Structures are given as C-alpha cells and as structure tokens.
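Asks: sequence and predicted structure, then a few things I'm wondering about:
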Amino acid sequence: MVARFASRVVLGARIALAAACALLLPAPPLAAAPITIGPGPARGTDRAGVTWYEDFQDWTHADLRALDDAGLGDATYSFGDGLDDSRDIVAVYSRVEGENVYFRVDLYDLALGAENGGLDVYVAIDCAAGGQPWMPDFLDVQTDRPWELCLGVYSTGTVSGVHYRLYDQSFGTITNAYLGAWFNSQLDAVEFGIKKQALLDAGWDGVAPFTLQVFTARDGSESNCSGGGRSSDIADAVEDDDRGCSDGTLHGGTASNATAGLVYYASIAHGNQSVNQADDIGAHIYEGPASTGIAGGTGFLRTLDTHEIFRVPLNIHPSGSLVVAVNWAKRPGGAADPQDGPSFLARIREFVDADQTQTPGSLIGGVFAEHIMPYFEGPVNAASIALKDSVMREVFGVSAAEARVMHTPERVIRSLSTGLAPLDGHTFEDIAASPYAATVLDEVTHLHWWFHPGESCTPDQGYRHKVHRINGVYCFMINDREDQGKFGNHDGGAVMDTRYSLLQKALYGNASEIVVVFDDWEALAGKSFDPMAGAPVPNNNPIQYHNTIRWLANRPWVRISNLRDLLDTALANPSAFVVDHGYRHDLSLQTYEWLKHASEDSYHSWYYNRNAGFAGNEQSFYDLVPVITGEQGDYHRRGTTPASDGPPLPSGMKHGDLNTPGTLMHEAWAALESAPAGRLRDLGVASYLTMIYETAWHEEDQNNYQDSNCYGAWLFPDNSWDGLNTWALRLQNHVRKAGLYAAAARWADSVRTGAGPLLAPRRAADLDFDGEAEYVLQDGHAFAVFERYGGRCVLAAAWNAAENDAMVVIGAPFTNPSAPGEEEYADASANRCSGFKDMNGGLYADAPYAVAPEGAARWRFTSPDGKVVKTIGLYPAISLPESPLPMPFSALVAEYEETVPGPLYVRLGLSPNPLDLALRGQQNLQAWFPGPRAYKLLNTRGGAARLDWSAGVAFNPAPSHEAADRRNLALTEQVELHGDGAFHIQVALLADTMRVVDVPAGPSADPAPARLALSAPRPSPARGPAEVSLALPAPARVRWEVLDAAGRRMDGGDLGERAAGTVRWTIAPRAADGRVLPAGLYFVRVTAGGATATTRWAVTR
C-alpha cells in the first residue's frame, strides 16, 4: 500500500491544555499505582511462558507534564551516530509520592544500550528564588530558569559521578538522595527519582509547583552551535526547540502540575465463524505451538490474554453464530482445557463486566450471522439484530441498548434510494431503528468517497479522527494508517509511523481525536483467512499485536478505550468530537479497501455481477441456481468452471433477492412471514438468518490492492473472473430449508386450533422450493420430514400441550450444512447428522433412496442397491415406562430389512430444543439408559427423545469421527446403533418440559426402608442439576418442592405413585418459571404418605 500519511496538518500551535480542555478527559481507567523504578510487579504470564511486568504502567495521564514533537517535526540535534532518535524526547512526567519525587522521560526510539555513551538525560529543577543559570557538565548553555537542583542520569546504576550526578546550585554533588534509574529500550522510556528532602533542602516549600527543564545530551560530545557566544551541547529539549543553539540560553520550563494532551485508541476484535464442529471451533479458541509452529500458539485467547495482562480495554465483536458455536464446544476438561468453549465465553463475560476491578472491555453488537445488510434491508435486518440481542443478553448479560455500538458486516452499507421494497437502499435507517446508536466504518472509503472525494490522503486531517453522524447513526472511522501498523513492530514496540502519528494527535488534537484499528479476531489470533482456500493460516500476529498493545499501554498519552465509553464522551461534548452530516440518500455502496478491490469497486458485482448498469466480471450470486447434489463453488481451487457443478435444483429457482418473487431469498422469507407465530416459526427465522452468513462471498485470486497516489486507480485491478466460495454456498444454498420450519409451524397451528386429529398422517410435498418432494409424517402429537437422500429424517417436532406449542427434537437449523447440496456425508467432513442416517462408509448416507407409501401412514425407503429397506411410521402412545403420569406422545418407528455385508450402522442426530442449545450450549442436556435397550436424551428446558431398539441391535459408544461425548457436531448428539437383518428402532418424540428426570433403579428393586429418609442432593454445592434420593418405606404418592432460605417455594413437582424402595430424581437450580436460581442455601422438602422430610441444598455460581 502506498504511504497515505506522510505528514499532518497542524491544527494550531502547541498549547498547554487548560482546565476547560481537561474537562474533555474521562477519568483514567485505573487508580494510580505506587511508582516502582524498574519492571515492577508481574502482570501475567503468556502462553509462551513469558512473564510480563507492570513496567511503566504505574504512571498515569495525571503525571504527564508535557509532550514534545518528534522525528522530522522536532529540532533534535543530529550527531549522526544512529542514536539521534534515542535522544529525541516525546514526553515528560513527574510525581511527588510520599517521601520521593519521581520522573519519567519517553523517547522516540531508545536503542538498546544507548545510555552507555550515547545518551544523558537531565532534569533541572527551579523550586526557589535565585538559582544557578548555567547548566552542568560543560554543556555550554545557560537557562532563563535558574535551577536549585539539576539531575543528570547517565546510565543504570547508583554510583554518583558514574551513573548519575545530582547537583546543587553551587555545582556541589548530593550523594544521598538518588533513587536509581531504569532504561527500557523496548518501551522507549526511562524512569528515575530522588528523595523529596533534596528539594526541601534546596528551598522548596513542599507545596508550590516547581519548574522543570528536561533535555538530553550525548556523553562528552560537542555540537556545532555557537549562538550567544556559547556552544550548546543539548541534543533535545522539551521547552525550547532551539535548545539554546542560536542564543546560548535554554528558554521556558514545565510546571510540575502542568497537563498535556492525549489521543484515544480503540482496538476492535471481530470474531465470526459459522456454527461449525466443536473441534474446529476449539482450534479457533486456542491451538498450541506444536501444531501451529507459533510460540505460545494461536487463537482467540491470545488477544484476550494480551488485553488482560496489560489491563486495557478491547472492543469485542463476536458474531451470534460464533457465540452459538463456542457455547456448544464443551471440552471434557472444562476450564482447564484452553479449547473449552463455555469457559472462554465466561471469560469474555467477566472481561466486559463493568463491575470488575480490572479495566473492562466492551461488547460490540450487530446482526446474528454477518449477512450483508443492504441485501436484507427491512424486516430481515431487524430480525437478525433482535436474535443477536437475545444471544448477547443470555450469554454475556449485555443488551444491544447497553452495547450501543454495532458492527456492520464487512462494512458494506449505503444510503441510496432504490424506490423498491423492502430493499429500499436505506441501510442506515435499519441501524437507527435498532437499539444501537453507533457503528464502525472506514475513513479511506466511506468517509472519503461520500464526503471528501477530491481530497488527497496526505496530510492527515483531524476530521478523520472524529465521530461522524450520518443519517442519525454515529459512525466511528477505522484509521488506515494506524490500522496498517498494528501487526508491525520496531524494537519490540510499535512501528515508528504509529508512534509519530499518535504523538501528533496527542499534541495537536485538543484531546478529542480518536484512532480506531480493526481486524478479524482470527487475524489477531494468528489465524489469518486465506481468501482462496477459505482456511486459516497460522502466523505470528499474536506476538506482534501483543508488543504493539504493550507499548501503547505504557503510554499514558495514548488512552486505549472502549467505543461505548468514547460514544458517551463524544455525546457529552459534540462540538469537539462529532461531525454531523445530516441526512443523505445519495451515498453509494461502500466497503473497506480489500473487499472493494475484490468486488470490482462495488459489492453489487459479487451479488448481481452488475453495478450502476454495467456488467461485471464475477459470478452472479443473484442468478445462481443452487445444486441439489454435487459440488459447487471454489472454481479456482478446484481448477474448474461452473459447467462442472452438480445438477441444479429441479425447481430452477435461483438465489435472487428479497425484492424478487420466485427466488429463494424471497420465497423462503415470505413463507416464514406468513407462517403462524410460535417456536417453530422462530426456528425457521433463525435458520434463514444463520444461512445468509457472509452473503455471496467469492474467491479472490488478486489480493494486491495497492492504489496509485492515495485514492487513485488500483495498480493491480481485479480483472479475473471469480466464483463463489463453496463454504458460502454450503450455507446460502440452504436458505430454502426455512420452508420446512414454515410447514412445521403450520402443522403446530393446526394442532393448536384443534385440527390436528384431522391431519393427513402422510403426505408428500415440496416444502423447501427445490422442486423435489419431502415426505411428511404427522399427527396431533408429532411432525416429521424426510428427504429421499439417505431416507433421512431432517426435522422432527413434538407437540407440548402445556405450552400450546411444539418443540424440535431432530434438526439443528443453526448448524453449518455439510455440502452445497443435500449431502450430509458420513466422514470427518460431515457437519450435520439427521435421523435414521444409514452409514456404512458413506455408501448410503446420501444415496437417493426410492420412496413409496406403505400402508396408511408409513413411508418405505429403499437404497439404490436394494440392500437397505426401511419402513418408517409415526405411532401414538400414552406413556413411557419411566413416566409417572400419562404423557401422550408419538414415536417414529423404523423397521429395517437389510442385506449389506456385516451389520448396518444407523445414526440418529438428536437436537432437543435447538434454540435452547444455541443459547445455552450443553448445560441443560441430560442423558441416560433407562433400560437395557433404551437411551434417552433430555433437555431440562424442554424437548427429549427416547430411543428403544429390538433385540440384536447394539449401541456404539464410540462412533467414527466423533468425540467421546458424541457431541462434536454443533447442537447435536449423535447416537449410533447397528443391527443385522431385520430389526427396528423407535424414537419417541417428547416435548417433555419437566425439570425432573427419573433415574430408574437396577433390575431388582431396593428393599423397603424402615422410615421416610431424604438424602442431601448430590452434588451440593451445585452449579447444575443434582440427584435427589428418597428412601420410601411404603407405596405412596411423592411430591417435592425447593424452598429458598425464607421458605418461599421456588420449584416443585409431583412424582406420582411410587413403589416402596429408593426413589431417585434430578432437580435443577431453576425456578418454576425458568429463572436461574441465585447462589445460596435452599431446602428440598418431600411429602409422601403423610410424612415429610427436608434436607439442605447449596447452589453456587
């Protein structure tokens, strides 16, 4: 990229900030720590085993006395020894603390060992009347602020005359007042101190501000200055750019209570993944050095580690789909395993918690799955923002209104009236209508092309670092110059240009300029995205970024900030921080530079292959018809063309858009909009919103987006044809599956209104707009949909009469599909598992089975080779063996007749209550074997499946390509059974909302106890469900309740009539209305046969 910012407009002469200006500054994020000369206490150890210390972070902005220009903007004398930048002062600090007085000097670029012959640092202190007009050490310069003490720091150590010299005004040396010095070349600073008594002895009254003159020199070196008959040997001075060179006198001084400016710096970590396999997500959270070759490893944790170690804010934007995937990715070791998803989310929750003692970060909200907003203006954008809000509230305890700032996916946005609906061109209005007040855009694209198209990128301009109000939305601007430098390092610190640009803003920006840097969290984590392969590439970004943040965190004149807090600061003083552009509807579609280059200057080229009436040279997403099976996309990688795609949807329906009836995007959403309200419609909406993830994303084989003369033409324009990425088509091709949930919602409404018993028990219909029939089984208790590919059940729901709604048991609409077409696969590439999935090396999982009706209410599925025949029906039932009360339900029964060599392996993907699984991961799942040939998976917040199988069928505890808990596929537990010849598998579809789970005793009943005895729940204290055991002396009806410490009933239930012996059940730390019980002491009380027993139960969080 060309150097965009060679210099900066000086907005005014350097000023000392007055009290009125100081009011702009919010309070420092941390209270001042006592000064330690040296590294100070340890702050933390990173994953490479390196321990990091407080360093200079014990200094605060309140200690900052002056800032000084640097580099070409300063008048540092050049000795030509390569150490001029080591003598170039940029900041001076002082603090009177207890019995000591401390000083600190920041240097532009302190070379390692520069203090050993190349650098002396001086502080002359005028603290009383009179004083010495000449500077010591034969520096050949006088001062207009005669001093009473002058300290020369020559190097590390405490030997007077060697490492330092503290002069009184008679040039006598004081040897008992020096506290030492510490130079750090990576952080480019030196700190040192003296005893306060030395100042008092020199005449200071202990109250009045004293005056400092701070300057540097080179050991024993003469300059060529000759002004005033003297030859000043000062290299750089804060107060006098001339350094006494022209007149032999050092002028001016800095008061010990002076204040100086600052610049705000906000870093954004944008994390986004589809709802993928748990092991894949775990590797994004953390992957060690053994597999990456990067010291300390890679992963999201590295960025969080950095900001926690240095206790500075980070603006975290995790997409809703990423949060769902991470929440599910539980590891057996829990928090002890760095790849454990729930522990990682808990750490983010703590990091953004404003009540913590450390400096909190903040969350950035947005849409759910990073769809491109201009193509979903109106109700879809609103629904997506609402779904993301619900995820943030549940997982992090932060609402959209509290987050205040949202991420606009890929920063693709416009305000250009189309005259159409719902895509009216008014993306800003969708943000303004949401709970969010602000978003983040780019200075070099949005700001430039919308408002300053004729302006050069150099010099830098102050308005680029303001908050811009556009169509009612406050917009922070990502600043390209500093953003390009965040992964660069110089001598273990920030790159020189970043140092210079931030210093300029702190000096001349009136403490009202903001620098925003941004990157994918994957890139910050060391897993940069390969735009061709669509896969992460390990790199050392975490180390480089860590060094940059460390350097900035040690600069009090750089305030690392939360955007949410900066918005508050800006709104409190809009005249200083905000540029209001009013309302405009002539703002063209813009995005950031790489994407603008890749999409031929407009994302329309990717979506429509057309922009402003001109045809593009990209594959049109709008015109693409998805495949029904086979490959599609990734043409560069596969070395092929769209001619090799698999067969298209028989319906011929293309992706289209929301404005175009007869296209998938329009019809799928229209089906949902017309569907009756309820949980199934909500899941269909969630499916649609998840599948439009990173809409229309293309491959890119030309990644050099350099331009000419700042905003000129691309030097290497993207002239090659680029097709869509397969990973994007795996998602977007399945938008049509929302139609299944719309159909299910209509079934639920028919049950709700009493038409359920009149439903045809079996029907074939195209529910998902692909031109092929889906095969439905339904009654008043359950609804199931099958595809002919593999004869698989892709959706099954159970009716819950108590809630007057239905609960999905099979089907995970949030999860990333396995292929662009109908395939699920049977190997490691499988991302989904539906029901009755015949495995055997993948021969049958996706095979096109022949489908025929069987009897009155069954379907018969026959594999292409005729070796697998399964007949599946839906049968009503009254109760399960372990159920204490009648509980009407229906069960899918599959009768197999197979002749494959060896056993046939059948998998069932169970997802009871997918919305709860998305919001809460695995925390509400319970599984057990209620009988020798039975297995039950229950969600304690509703939804369950019980599997029963015939004799000769075996349960496989370790299916291939699965984790130990069989939950590697997102929001799904896989159960694999295998049998030979003729056998059957039954799946009871249960909307079970009981928070009590019966755990039957063994095959022989326990002997009757002598009296009613209630054991304490196990575990206690408990974070989750606990088992309760009751010794029942005689048959009786058993009722239980949970009481709080005040005796108020929190929850309870009726276990019905129970035989004498041991009764066991499970309770959860939730109230009857579903609220999580707070930590504390509770009582479990049981009543049976006229007797009562009570025990204690502790709940922790």
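Replies: Good, I have the coordinates. Residues are numbered from 1 along each chain as shown.
Asks: biggest helix in the chain by residues?
Replies: Ordering each helix of the chain by length in residues (DSSP state H) puts helix 379-396 first.
Asks: now it: buried residues?
Replies: For helix 379-396, a neighbour-count test (16 or more other CB atoms under 10 Å) marks 380-381, 383-392, 395-396 as buried. The C-beta positions use only the backbone N, C-alpha and C, and glycine is treated the same way.
Asks: give me the neighbour count for Val153.
Replies: Applying other CB atoms under 10 Å, we find 26 residues neighbouring Val153.
Asks: please apply the same query to Ala677.
Replies: 11.
Asks: kindly report the same for Ile309.
Replies: Around Ile309 there are 21 other residues, counting by other CB under 10 Å.
Asks: you'd agree Ala671 is in a strand?
Replies: No. Going by DSSP: H, G, I helix; E, B strand; the rest coil, the assignment for Ala671 is helix, not a strand.
Asks: go ahead and confirm it touches Ala745.
Replies: No. Contact criterion CB atoms under 8 Å: Ala671 and Ala745 do not qualify, at 9.2 Å.
Asks: joint contacts of these two?
Replies: Common neighbours of Ala671 and Ala745 (criterion: CB atoms under 8 Å, 6 or more residues apart in numbering): Gly684.
Asks: returning to what we had before: which other helices and strands contact the helix or strand that comes right after the longest helix of the chain?
Replies: Proceeding N to C from helix 379-396, the next assigned helix or strand is helix 400-403, under DSSP states H and E. The elements that helix 400-403 packs onto, with contact taken as 3 or more CB pairs under 8 Å, 6 or more residues apart in numbering; DSSP states H and E, are helix 379-396.
Asks: output the helix it packs on as PDB, nothing but the C-alphas.
Replies: Extracted C-alpha coordinates of helix 379-396, given in PDB (Å, rounded to 0.1, in the frame of the first residue of the first chain):
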ATOM      1  CA  PRO A 379     -37.600  -7.000   8.400                       C
ATOM      2  CA  VAL A 380     -34.700  -9.400   7.900                       C
ATOM      3  CA  ASN A 381     -32.100  -6.900   9.300                       C
ATOM      4  CA  ALA A 382     -34.500  -6.200  12.200                       C
ATOM      5  CA  ALA A 383     -35.000  -9.900  13.000                       C
ATOM      6  CA  SER A 384     -31.300 -10.600  12.800                       C
ATOM      7  CA  ILE A 385     -30.400  -7.700  15.200                       C
ATOM      8  CA  ALA A 386     -33.100  -9.000  17.600                       C
ATOM      9  CA  LEU A 387     -31.700 -12.600  17.500                       C
ATOM     10  CA  LYS A 388     -28.200 -11.300  18.200                       C
ATOM     11  CA  ASP A 389     -29.500  -9.200  21.000                       C
ATOM     12  CA  SER A 390     -31.100 -12.300  22.600                       C
ATOM     13  CA  VAL A 391     -27.800 -14.200  22.400                       C
ATOM     14  CA  MET A 392     -25.800 -11.300  23.900                       C
ATOM     15  CA  ARG A 393     -28.300 -11.000  26.800                       C
ATOM     16  CA  GLU A 394     -28.200 -14.700  27.600                       C
ATOM     17  CA  VAL A 395     -24.500 -15.400  27.200                       C
ATOM     18  CA  PHE A 396     -22.900 -12.100  28.300                       C
END
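Asks: centre of the chain to stretch 515-524, how far?
Replies: Distance, stretch centre to chain centre, for stretch 515-524: 11 Å (CA atoms, centre = their mean, to the nearest Å).
Asks: quick one: low-confidence parts of the stretch 851-1000 of the chain?
Replies: The model of the stretch 851-1000 of the chain has pLDDT under 70 over residues 878-887, 993-1000.
Asks: tell me where it has helices.
Replies: Ranges of helices in the stretch 851-1000 of the chain, per DSSP state H, counting those that start in this stretch, are 914-920.
Asks: give me the nearest residue to the most centrally placed residue in the chain, chain neighbours excluded.
Replies: In the chain, the C-alpha nearest the mean C-alpha coordinate belongs to Pro318, at 2.5 Å (CA atoms, centre = their mean). Taking CB to CB, 6 or more residues apart in numbering, and ignoring the residues beside it in sequence, Pro318 has Gly271 as its nearest neighbour in space, at 4.6 Å.
Asks: any idea how far stretch 562-570 is from the chain center?
Replies: That offset, for stretch 562-570, works out to 19 Å (CA atoms, centre = their mean).
Asks: quick one, what contacts the closest residue to Asn116 other than its chain neighbours?
Replies: The shortest distance from Asn116 to any non-neighbouring residue, by CB to CB, 6+ apart, is to Ser155 (5.6 Å). By CB under 8 Å, 6+ apart, the residues touching Ser155 are Glu115, Asn116, Val162, His163, Ala181, Phe183.
Asks: quick one: which of those sit in helices?
Replies: Reading helices off these, I find no matches (DSSP H).
Asks: would you list the phi and psi of Glu429?
Replies: Dihedral pair for Glu429: phi -60, psi -30, per degrees, to the nearest 10.
Asks: isn't Ala525 up against Pro542?
Replies: Yes. Using CB under 8 Å, Ala525 is in contact with Pro542, at 6.2 Å.
Asks: pull up the overlap in contacts between these two.
Replies: Thr298, Arg302, Thr303.
Asks: the last one - how many residues pack around it?
Replies: Summarising burial for Thr303: neighbours were counted as other CB under 10 Å, giving 26.
Asks: which residues does the closest residue to it other than its chain neighbours contact?
Replies: Excluding the flanking residues, the one nearest Thr303 by CB to CB, 6+ apart is Leu524, at 4.5 Å. If a contact means CB under 8 Å, 6+ apart, then Leu524 has Ala269, Arg302, Thr303, Asn541, Pro542, Tyr545 as its contacts.
Asks: do that again at 7 Å, thanks
Replies: By CB atoms under 7 Å, 6 or more residues apart in numbering, the residues touching Leu524 are Ala269, Thr303, Asn541, Pro542, Tyr545.
Asks: next: Val275.
Replies: Taking CB under 7 Å, 6+ apart, we find Val275 in contact with Ser321, Val324, Ala325, Thr690, Phe814, Thr815, Asn816, Ala970, Leu971.
Asks: I'd like to know how far Arg584 sits from Val412.
Replies: 17 Å (CB to CB, to the nearest Å).
Asks: more neighbours, these two?
Replies: More neighbours surround Val412 than the other of Arg584 and Val412, with 25 against 13 (other CB under 10 Å).
Asks: partner residues bridging Val776?
Replies: Listed by DSSP bridges, the beta-bridge partners for Val776 are Arg763, Val785.
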